[in-house]
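Peer 1: Provided below for reference: sequence and predicted model.
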Amino acid sequence: MDSESLLKYVQEEYSERIIGGEMVKGVPVFEVKPEKWVSLCGMLRDDSDTMMHSVSNYTAVDYREKHGGFKLVITIFSHILNHRLTLETLLPAKDDEIPEIETLATVWPTTIWFEREHAELFGIEFINHPDPRHLMLDDDWDEGYPMRRGWTGTDFVVKPDK
Amino acid sequence: MGIISKLPAYMETIPGGGILTTTTEKLLNLSRASSLWYMLFGLACCAIEGLMATGASRYDFDRFGMIFRASPRQSDLMIVAGTLTHKMGKRLKVLYDQMPDPKYVIAMGGCANNGGPFYYDCYSVMKGVDKIVPVDIYIPGCPPRPESVLEACIQLQEKVKKEKMGKWSASTE
C-alpha cells in the first residue's frame, strides 16, 4: 500500500481511535488517543491490510512546555506489504509528574527494551511491563530522569555558551 | 649489555666474566619496571589504539616487558582506555581493588582524563578516572597515538625505578 492510501485507510478504518492524521515527508503520522494506544497498535499488527509486524523506531519526547506532556512516538513497518507509518500519543504531565500508559510489550516484544529506556530516562511508567529494571543507568541511580528538559545532577556540567 | 647499562652498579672484571654489585632495591625495581603486566581495560575507541595497535607487531609493547593479562589478579598496571561511565565506574573500582600492590593506573585519552568530549551536558560519563582510583600517568589525545602510550610506559618505568622498597604501594598513599 502506498503512503496516501495507507493514510486514508487508517483514517477511515480506525477513526474512533485517532485524533488526527497527516502526511509528514512521505510518512503518514497519526495522533492516537492514549487510552487506545495499545489496542490500535495491536489492530494494526493483526489487520491483513496493514500487517505491521516490525518496529522501526520507538522514542519519547519531552513536550511538557510545548504541549503539556510527554509524547511517545513509534514508527512501525510492514516487511510483507512494504509500508510504514508513525503513531504519536500525548501523555499529559506537569513538572515532576510521572505519566502512566499501558505497555506495548504485549504487541511487539521488542519494545521491552525501548520502554525500559523511556522509563529511566524520561520518567514514564509503563503499566504491566514484564521487565521494569533499569536498562542503561545504574541500578541505584537516584538523580531523577536525565532526558527531561532542565534536568541537572551532581556531576552535571552545563556548556557555558548556552 | 642489557642489565649493566641500566643498573648503577660496581663491576669488577675477573678472568672468564665479572662480579656485579648493586643494591637489592635497584635490582628489584628494575625487574618490576621491566615486567609491567597490564590489565586490559578497553572501554571505547582508545582500546583500538592503546591496547590493540600498540600491542601488535608494529609498535610491539612486548619489548618493554609489557604483556597483557585478562585478569586483575595477575596485573601490575591498569590502562583505562576509553569512556568511563558512572555505571562502569563501580566495576572499575572493584577490579582495581582486586589488583595486588604495587599497582599503577594509566588514564588513556581525553575521556579517561577528565571526561573529554563528554564533559559538558552529559549525565552518564564520569569526569575522569581519578574520581575513583589514583592515576599515575595521564595520556592526552582523542585517541592518543600508540607512540604516546609507549612514552607513557617509559615514564611509568622511570617512576617505578625511583621508588623505595618501603613505598611500593605508592598508588594507595
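Peer 2: Looks like it arrived, so ask away.

Peer 1: any idea which element A:Tyr58 lies in?
Peer 2: If you go by DSSP states H and E, A:Tyr58 is part of strand A:54-63.

Peer 1: and the next helix or strand along the chain from that strand, how far out from the chain middle?
Peer 2: Sequence-wise, the next helix or strand downstream of strand A:54-63 (DSSP H and E) is strand A:69-78. Counting by Cα atoms, centre = their mean, to the nearest Å, strand A:69-78 is centred 4 Å from the centre of its parent chain.

Peer 1: strand A:69-78 vs strand A:54-63, what angle?
Peer 2: 170 degrees (axes from the mean of the first three to the mean of the last three Cα atoms, to 10 degrees).

Peer 1: show me what strand A:69-78 pairs with in its sheet, parallel or antiparallel.
Peer 2: Note on strand A:69-78: by DSSP bridges, its sheet partners are strand A:54-63 (antiparallel), strand A:83-92 (antiparallel).

Peer 1: which positions within the last one qualify as buried?
Peer 2: Along strand A:83-92, these residues count as buried under the neighbour rule (16 or more other Cβ atoms under 10 Å in any protein chain shown): A:83-91. Where you see a C-beta, it was placed from the backbone N, CA and C, and this is true even at glycine.

Peer 1: return the member of those residues nearest to chain B.
Peer 2: A:Leu91 (21.9 Å; Cβ to the nearest Cβ).

Peer 1: which residues of chain B lie near chain A?
Peer 2: B:86-87, B:90, B:119-124, B:126-127 (Cβ under 8 Å from any Cβ of the partner chain).

Peer 1: will you turn those residues into a markdown table that also has secondary structure, neighbour count and pLDDT?
Peer 2: Below are those laid out as a markdown table (DSSP: H, G, I helix; E, B strand; the rest coil; neighbours: other Cβ atoms under 10 Å in any protein chain shown; pLDDT from 0 to 100):
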| residue | secondary structure | neighbour count | pLDDT |
| --- | --- | --- | --- |
| B:His86 | helix | 19 | 89 |
| B:Lys87 | helix | 15 | 89 |
| B:Lys90 | helix | 14 | 90 |
| B:Tyr119 | coil | 16 | 89 |
| B:Tyr120 | coil | 13 | 88 |
| B:Asp121 | coil | 10 | 87 |
| B:Cys122 | coil | 20 | 87 |
| B:Tyr123 | coil | 20 | 87 |
| B:Ser124 | coil | 18 | 87 |
| B:Met126 | coil | 23 | 89 |
| B:Lys127 | coil | 19 | 90 |
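
Peer 1: low-confidence ranges in chain B?
Peer 2: Under the criterion pLDDT under 70, the flagged ranges of chain B are B:1-10, B:166-173.
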